[in-house]
Structure formats: structure tokens, C-alpha cells
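> Here is a sequence together with a model predicted from it:
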Amino acid sequence: MRGTPGSPAYDVAMLSPVRRSLAALVALLALLLGALVGTPPVVAAGDTGVAFGTIRFPQQDNPGIKVLWFTQDWRYLGTKTAVGGSYSLNLPAGSYHLQFVDQRPSYKTDKYAPTDIAVTVRAGEPRQKNVTMKKGAFITGTVKTHGKTAKKTRVVAANQDQSSFETTANNKGQFAVGGLPEGKYSLFTYDHRHLYVDKSTYAGKLQPGGSANVAINLTKKAGSLRVYVFTSANGVKKRASGNPVVTAVSKATGQFWSAKVRAGDVVFQGLYPGRYTLVANGFGVWFGRTGVIEGANVRAGKADFGTFTYTKRGGWVSGTVVDGGSDDGSDFPMKDSVVRLFDAGGAELTSTTADDNGHFTLSGQFGTMDGLTVTVDPNPSGGGWATAAPPDNYCQFVQGSAAPVSITLGQGTDVGAVPLPRSTASGQPTQCLPN
């Protein structure tokens, strides 16, 4: 699958199938019958269109296929199971990469390679783009540690496009990884006991349907590394409180190990000796970062220690939701109000709920931005009704907002009091219940 160290690996075999209602199944049936007679699917008016087509299998088989779709720069958007040798996707207007993935186990040597097509969807229009699955290459072999059979060893085949495919050796140390796209491959091997390691094994260049057989022997004793993870902003350094996935990359071999930070540290086992770089995903308000693991130099058969610090904090917006109709102009806090932050294009960035004092903070991995809008809504559980400022008792409220709002990287913006307006429905000045 497409991916790089530290980025999500889209293991489509583990993705849950889409649940469909009876009406959706009837609509899908109509779509497939229409495709058989060359009739394009009906597209509802609006900002969406349909990408659809047939899936052809050169080996005259019909394995399970999942379709993944990505933005033009390969940002993952979603997945769907293909049915009956065809696919159909309702997508917002725009340009996409579609990837078709054979769902058979990785050890199947007749597995198709992931097959990509590009498609542009126009609002209110169907777009047919058929796809022919590409025959996959495969690599087989055996794994040993110091000349002895290494069972349950994880083997990762990585190519020059930074795509990786993995399998697990059986109890005899035998492995196979199929469904590989054309390219040059190296094998990274991970002893499940974390005792032995070695440099990658070059498997050569593989053509579609081609194969290679490789004998792997891990001879170097592995080490381990515990990394203490910190956050640092405005001169304050703290142990990381989140649980981001981070990846240690060997400077000597390029091999990588991923693990999750827990309670401010992370442990990697089975490492090749030497120094390491950490590819750290962002979490909470902290942006991801790639950098050297300070103080670490892994030694064969030994445990080592190092540190890593997140240094880039996102900006945030704070304020207080108040009754916009109080008679005396006081800032009566509107607790449990729903507060949202939108970018200049109208996309929601984050949301929160005001506390008992009406206070709120909207935070995330936000860089410097202008033209933002903060909206406030009454607690939805009350149907718009909420406790109001004295002398009123209970009033109906509607949405309020504050705009334009700016955010600065690493800094907070206080928008002050954001009024929650009282409803003026039915021509009345305020919609309130009597005391």
C-alpha cells in the first residue's frame, strides 16, 4: 500500500465493510443493471457527481476488491467495497485518485497489485472510468536467525516509491508476499523475539507477474531504545501527555519501527545498532515533527535511552458565551453552549462546549490564519431553550457569531464575550417564559 514511515498505512483488509440500507441496495441493483445495458447512473442535482465503472480481471477470477479514494496529493479520504465486478462512488465535484486493492491474504502469489486510476468528477454528472487490475509480482523465501529457522518473522517488502507490503513467515521460516506493483524491492525483516536484526535484503527489480526468491539470515544482535517525549513552547517543557504514533528510522539502514507514545515515553525493540531519527505524528495541539533522537546510540544487545521534543504548537481561540438579551447588559454565562470554529471557506475546523462559566477554548494544530468565524449555539438538548439572565427565567436562543477572527501560530486569541441572541420569533421582542 502507498505510505511512508510515520504516515498511516491503509490496511484495507482491516477496514469495516460499508453497511447499506434496503433502499441503498435497491438503488445499487438498479445502477448495476443500468451499467449492463450502457445506461449511466442517475445523479442527484447538487455539488456531487458519480464516478463508476467496471473492474476487469485478466486472470479470469473475481477476488474481493476495495476501492480507496484520495485527493490529488494522495491524502486519504475513504474506502468502499466493490460489488459484482463494478464500482460506484458518490463524490463531491473535484479530481481524485482511485486505488483498487485485492483483498486476498498477502501470501497469495496470484494476488493483483494495487491499481490506480485518476478521475475528475463534475457536479450532477456521471463519469465512467473502467479499470483493469494489474497482475502482481511476488517474493518468496526463508528467514533464519544465525542459521536457525526463524518462525513468525515479519517481512516487509518496500519499493523505491515508498510503498510497503508485509507478510509473516510460517513456523518453518517460509514466507511469500504477493500483489506487488512493478518496481525495485528491498526486504526489511523483524525478528518477533526482538533478538536479531540485519540490513535490508535486496530482492531486485520485479516486472508485473514476476517473482524473486530470497534467503534471509539475521546475524546481528538487536538493541532497544526508550525515548522520553516532551513538548516545549514559550520556554515551558513538559512530558508529552498524548499518545501519538511515532516511527524510529535507522540512519544506518533506513529500516523503521513504529510504536505509540504512552505516559510520555515510547520503547522500540529489535533495533539495528546506531543512531536514529524520529518521525513523530502530530497530536492534540502539537504539529508533527521529524528530528534526531537526542542522546541515543543503540548498541547490539543493549538498552539505550534518548529524548525527543515537539516544538511547534498550534494557535487557539478563547472567549465566553453570554446571554445576548440581558436587560442590564451583564455578561450572564450561557453554559453548555456549542461553540464551533470555521475557516474562511466555511469548513468546520473544531468544536467544543462552553463550561459552567460560559468559557470556551477552540484549539488544534492551527497555523496562522485570518478570516475565521466563531459560532455559538444553545445547548441542543433544550431545543434552543436555556436559563437566561435575571429577571427572566427561561428563554429561547438562536445562533450567534463572532467574525472575523484571526489565529497566530503558537499564540492565543481572546474574542471576549460572544452574545447568544434571544429568539424574536412570532414578532415578539424576546421569547421567554414568565417567572
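That came through, no problem. Numbers count the residues shown, from 1 in each chain.
> who's in contact with R127?
Contacts for R127 were tallied using C-beta atoms under 8 Å, 6 or more residues apart in numbering; they are 49-52, 119-121. For every residue, glycine as well, the C-beta is placed using N, CA and C.
> Find the nearest non-adjacent residue to it, please.
The shortest distance from R127 to any non-neighbouring residue, by C-beta to C-beta, 6 or more residues apart in numbering, is to A51 (5.1 Å).
> Would you mind measuring from the one you found to S318?
A51 is 42 Å from S318, where distance means C-beta to C-beta, to the nearest Å.
> what do you get for L77?
In terms of C-beta to C-beta, L77 sits 32 Å off from S318.
> higher neighbour count, the two?
Using other C-beta atoms under 10 Å as the criterion, L77 and S318 rank with S318 on top: 16 against 13.
> Can you tell me how far the more buried one is from V131?
49 Å.
> that older thread, next, give me the two most distant ones among the contacts of R127.
F52 and T120 (13.5 Å; C-beta to C-beta).
> Sort out which residues of stretch 320-340 are buried, please.
Within stretch 320-340, the residues that count as buried by 16 or more other C-beta atoms under 10 Å are 320-326, 332-334, 336-340.
> How about residues contacting it?
With C-beta under 8 Å, 6+ apart, stretch 320-340 has contacts from 319, 348, 350-360, 362, 374-381, 386, 388-392, 395, 397, 400, 416-422, 430.
> give me that answer again for 7 Å
For stretch 320-340, contacts defined as C-beta atoms under 7 Å, 6 or more residues apart in numbering pick out 348, 351-360, 362, 374-380, 386, 388-389, 395, 400, 417-422, 430.
> Which of these fall in strands?
Here DSSP state E is the test, and the contacts of stretch 320-340 give 348, 351-353, 359-360, 362, 374-377, 386, 395, 400, 417-420 as lying in strands.
> ranges for the strands of the stretch 201-350 of the chain?
All strands of the stretch 201-350 of the chain, identified by DSSP state E, counting those that start in this stretch, fall at 201-206, 211-218, 220-221, 223-233, 236-239, 245-250, 256-260, 265-271, 276-280, 289-292, 303-310, 316-323, 338-342, 348-353.
> And the next helix or strand past the worst-scoring helix or strand of the chain on mean pLDDT?
Using mean pLDDT, DSSP states H and E, the weakest-scoring helix or strand in the chain turns out to be helix 22-36, at a mean of 32. Per DSSP states H and E, the first helix or strand lying C-terminal to helix 22-36 is strand 48-56.
> Relative to that following strand, what are the paired strands and their orientations?
With DSSP bridges as the test, strand 48-56 is paired with strand 86-92 (antiparallel), strand 126-128 (parallel), strand 131-132 (parallel).
> got the buried residues for that strand?
Buried positions in strand 48-56, judged by neighbour count with 16+ other C-beta under 10 Å: 48-55.
> and Y310, bridged to which residues?
T231.
> these two touch, right, it and T231?
Yes - if you go by C-beta atoms under 7 Å, Y310 and T231 touch, sitting 4.6 Å apart.
> my read: N130 touches G53, true?
Yes - counting by C-beta under 7 Å, N130 touches G53, with 4.2 Å between them.
> Assign a three-state SS to G371, would you?
Following DSSP: H, G, I helix; E, B strand; the rest coil, the label given to G371 is strand.
> Skipping its backbone neighbours, what lies nearest it in space?
Nearest non-adjacent residue to G371, counting by C-beta to C-beta, 6+ apart: A344, 3.5 Å away.
> Which pLDDT value goes with the one you found?
Looking at A344, its pLDDT stands at 93.
> What about it, how many residues nearby?
For A344, using other C-beta under 10 Å, the count is 12.
> Check the one 3 residues further on too.
Here the count is done by other C-beta under 10 Å, and A347 has 8 residues near it.
> same check, this time on A203
The burial count for A203: 24, using other C-beta under 10 Å.
> try N234
The number of residues near N234, taken as other C-beta under 10 Å, comes to 7.
> That one and T311: what is the separation?
Computed as C-beta to C-beta, the N234 to T311 distance reads 11 Å.
> swap in H359?
Distance from H359 to T311, by C-beta to C-beta: 28 Å.
> do the same with F100
Distance from F100 to T311, by C-beta to C-beta: 40 Å.
> Looking at these two, which one has more neighbours?
Between F100 and T311, F100 has the larger neighbour count (other C-beta under 10 Å), namely 22 against 14.
> give me the element the more buried one is part of.
Going by DSSP H and E, F100 is part of strand 94-102.
> Run the chain-centre distance for that strand.
With C-alpha atoms, centre = their mean, to the nearest Å as the basis, strand 94-102 stands 16 Å off its chain's centre.
> ok, it: who's next to it in the sheet?
Per DSSP bridges, strand 94-102 is paired in its sheet with strand 65-70 (antiparallel), strand 115-121 (antiparallel).
> Show me which of those strands has the highest average neighbour count.
strand 65-70 (a mean of 20; mean count of other C-beta atoms under 10 Å).
> what's around the nearest residue to K312 once chain neighbours are set aside, how many residues?
Nearest residue to K312, sequence neighbours excluded (C-beta to C-beta, 6+ apart): F287, at 4.1 Å. The number of residues packed near F287 is 18, by other C-beta under 10 Å.
> Look up how far S401 lies from F287.
Relative to S401, and taking C-beta to C-beta, F287 is found at 28 Å.
> And for A263?
As judged by C-beta to C-beta, A263 and S401 stand 40 Å apart.
> of these two, who's got more company?
Ranked by neighbour count (other C-beta under 10 Å), A263 and S401 place S401 first, with 15 against 10.
> OK, contacts around the more buried one?
So S401 contacts 373-376 (C-beta under 7 Å, 6+ apart).
> and it, what are its bridge partners?
Assessed by DSSP bridges, S401 has beta-bridge partners T375.
> pLDDT value on it, please?
Note on S401: pLDDT of 97.
> for G367, same thing?
pLDDT, G367: 95.
> go on, G46?
Reading off the confidence values, G46 has pLDDT 53.
> same check, this time on M1
Looking at M1, its pLDDT is 45.
> Got the domain ranges for the protein?
Partitioning the chain according to automatic domain parsing yields domains covering residues 12-135, 137-220, 222-310, 316-433.
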